[in-house]
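**Student:** Make a model of this:
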Amino acid sequence: MSRIRRAARQNKTMLMKTGSYYVIHIGVAAMVAYAVTGNLWASLTLSLLEPTVQAVAFFFHEKAWDRAARRRASGAANEEQQPTPHPALQGT
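**Tutor:** Take a look at the predicted model:
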């Protein structure tokens, strides 16, 4: 349980962003599903199921992008630390 709490604290902003996206997505999905089906229960079921899966996918999508950004930043920092060869030696 402490791992979950620690992960939640470390990702608080991202979790809040995911939560707000989830609420908006449910509202939009419910309206679209009702417009298509005309059935309130079907629209509520669809509007809760699909955004829930999307919210989980969004969280991991954001984590992957953050990891990629850290790798790019790390790679750029490593390139800056390596000495540049003398221009006369580059052609050899």
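
**Student:** Going by C-alpha atoms from here, please, whenever you check contacts or count neighbours.
**Tutor:** Will do.

**Student:** count of neighbours near Ala68?
**Tutor:** 12 (other Cα atoms under 10 Å).

**Student:** likewise Pro51?
**Tutor:** The number of residues packed near Pro51 is 22, by other Cα under 10 Å.

**Student:** just checking, what packs against the longest helix anywhere in the chain?
**Tutor:** Counting by DSSP state H, the longest helix found in the chain is helix 40-81. Helices and strands touching helix 40-81, by 3 or more Cα pairs under 8 Å, 6 or more residues apart in numbering; DSSP states H and E, are helix 12-37.

**Student:** Flag the shaky bits of this structure, pLDDT-wise.
**Tutor:** Residues of the chain that meet the criterion pLDDT under 70 lie in 81-92.

**Student:** so what's the most centrally placed residue in it up against?
**Tutor:** Centroid check for the chain by Cα atoms, centre = their mean gives Glu62 as the closest residue, at 2.0 Å. By Cα atoms under 8 Å, 6 or more residues apart in numbering, the residues touching Glu62 are Met14.

**Student:** still on that earlier bit, please compute how far the longest helix of the chain lies from its chain's middle.
**Tutor:** Distance of helix 40-81 from its chain centroid, counting by Cα atoms, centre = their mean, to the nearest Å, is 2 Å.

**Student:** Next: stretch 1-9.
**Tutor:** 18 Å.

**Student:** Can you pull out the residues in contact with it?
**Tutor:** Leu15.

**Student:** With only the CA atoms kept, save that stretch in CSV.
**Tutor:** Presented in CSV, the C-alpha positions along stretch 1-9 are these (Å, rounded to 0.1, in the frame of the first residue of the first chain):
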residue,chain,number,x,y,z
MET,A,1,0.0,0.0,0.0
SER,A,2,2.9,2.4,0.7
ARG,A,3,4.1,1.9,-2.9
ILE,A,4,0.7,3.1,-4.2
ARG,A,5,0.8,6.1,-1.9
ARG,A,6,4.3,7.0,-2.9
ALA,A,7,3.4,6.6,-6.6
ALA,A,8,0.4,8.8,-6.1
ARG,A,9,2.4,11.5,-4.4
